[in-house]
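**Student:** kindly return the folded structure for what I paste below:
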Amino acid sequence: MDWTFTLETFISLVAAIPLTLQLAATSILLGAFLALGLALLRLSGVRVLDWFARFYVFVFRGTPLLVQIFLIYYGLSQFPAVRHTMLWPILREPYWCAVIALTLNTAAYASEIIRGGLVSVSHGQIEAARACGMPRFMVFRRIVLPLAIRQALPGYGNEMISMVKATSLASIITLMEVTGVAAKIISETYRAIEVFIVAGVIYLTINFLLTRLVHVVEYMLSPHLRAPRLRTPVQGESK
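**Tutor:** All right, here's what the predicted structure looks like:
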């Protein structure tokens, strides 16, 4: 392995990390709000809303993300009605098309994770909160949602890792994130092994740090799992 070339490749790929993180963070954040809305539609008890959410999840989980990116980036531009709307300045940009596709895709998966977390909250805790006089929205905000987040966090952490890796598909629509820069270097040097090894190490490092962050948040939300601290006896106090 040529270590000089590997170092130069690493420096080039590191410069593309901000775009990768921006794509992942934006899609995960927007997807979380959309996923919460879809989960609430599933649990609303209204059949029309429930079936709409089911159909959405079925479509976006059942089709490849790459196809969704192509349909949004290449497909929508074929309709004159789309090109003459105020959304066209957004839909003609590869970055925003990638963000929209990633957001819609992750929302479908995350909605089921969040729904499972909401369903896991015991009915007894909800009844206890209502017995204390809490209104419905306060019960959801202070009891149901925090407990649901704690239950859904491990699964949602896996989804966030998947979205970091899914940003590599944005290179197909000319975005020069880590994979896009790697493909460009390979096309110029024909040295795929070194380039993809460096790219893999970068993705592995990002996901390792993301995993540690999820574990820290999970630890903060689980006080009952922490070992109790032993109080140091004061001088003169009996042990």
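
**Student:** longest helix in this structure, by residue count?
**Tutor:** The single longest helix within the chain, with elements called by DSSP state H, is helix 192-220.

**Student:** packing partners of that helix?
**Tutor:** Counting contacts by 3 or more C-beta pairs under 8 Å, 6 or more residues apart in numbering; DSSP states H and E, helix 192-220 is packed against helix 3-14, helix 17-42, helix 145-166, helix 178-189. Placement of C-beta: from N, CA and C, glycine included.

**Student:** and with 7 Å instead?
**Tutor:** For helix 192-220, the elements it packs on are helix 3-14, helix 145-166, helix 178-189, judged by 3 or more C-beta pairs under 7 Å, 6 or more residues apart in numbering; DSSP states H and E.

**Student:** could those helices go into JSON lines alongside distance to residue 49, mean neighbour count and mean pLDDT?
**Tutor:** Putting these into JSON lines (distance: least, C-beta to C-beta, whole Å; neighbours: other C-beta atoms under 10 Å; pLDDT from 0 to 100) gives the following:
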{"stretch": "helix 3-14", "distance to residue 49": "44", "mean neighbour count": "15", "mean pLDDT": "90"}
{"stretch": "helix 145-166", "distance to residue 49": "19", "mean neighbour count": "18", "mean pLDDT": "89"}
{"stretch": "helix 178-189", "distance to residue 49": "38", "mean neighbour count": "18", "mean pLDDT": "93"}
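
**Student:** turn those helices into CSV, including distance to residue 128.
**Tutor:** Output for the helices and strands packed on helix 192-220, formatted as CSV (distance: least, C-beta to C-beta, whole Å):
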stretch, distance to residue 128
helix 3-14, 51
helix 145-166, 12
helix 178-189, 49
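
**Student:** so for residue 44, which of those helices sits nearest?
**Tutor:** Across those, residue 44 has its closest neighbour in helix 145-166 (15.4 Å, C-beta to C-beta).

**Student:** residue 43 is nearest to which of the helices and strands packed on helix 192-220?
**Tutor:** Among the helices and strands packed on helix 192-220, the nearest to residue 43 by C-beta to C-beta is helix 145-166 (10.6 Å).

**Student:** just the CA trace of the closest one, in CSV.
**Tutor:** In CSV, the C-alpha atoms belonging to helix 145-166 read as follows (Å, rounded to 0.1, in the frame of the first residue of the first chain):
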residue,chain,number,x,y,z
LEU,A,145,-43.0,11.0,25.2
PRO,A,146,-39.9,10.8,27.5
LEU,A,147,-40.6,7.1,28.3
ALA,A,148,-41.2,6.4,24.6
ILE,A,149,-37.9,8.1,23.6
ARG,A,150,-36.0,5.9,26.2
GLN,A,151,-37.6,2.7,24.8
ALA,A,152,-37.1,3.7,21.2
LEU,A,153,-33.6,5.1,21.5
PRO,A,154,-31.6,1.8,20.8
GLY,A,155,-33.6,1.1,17.7
TYR,A,156,-33.5,4.8,16.6
GLY,A,157,-29.7,4.8,17.1
ASN,A,158,-29.5,2.0,14.5
GLU,A,159,-31.6,4.0,12.1
MET,A,160,-29.3,7.0,12.5
ILE,A,161,-26.3,4.9,11.7
SER,A,162,-28.1,3.6,8.6
MET,A,163,-28.8,7.2,7.5
VAL,A,164,-25.1,8.1,7.8
LYS,A,165,-24.3,5.2,5.5
ALA,A,166,-27.2,6.0,3.2
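
**Student:** pull the distance from the longest helix of the chain to the chain's centre.
**Tutor:** Remark: helix 192-220 is offset 14 Å from the chain centroid, using C-alpha atoms, centre = their mean, to the nearest Å.

**Student:** neighbouring contacts of stretch 85-98?
**Tutor:** 23, 69, 72, 73, 76, 77, 82, 170, 173, 174, 175 (C-beta atoms under 7 Å, 6 or more residues apart in numbering).
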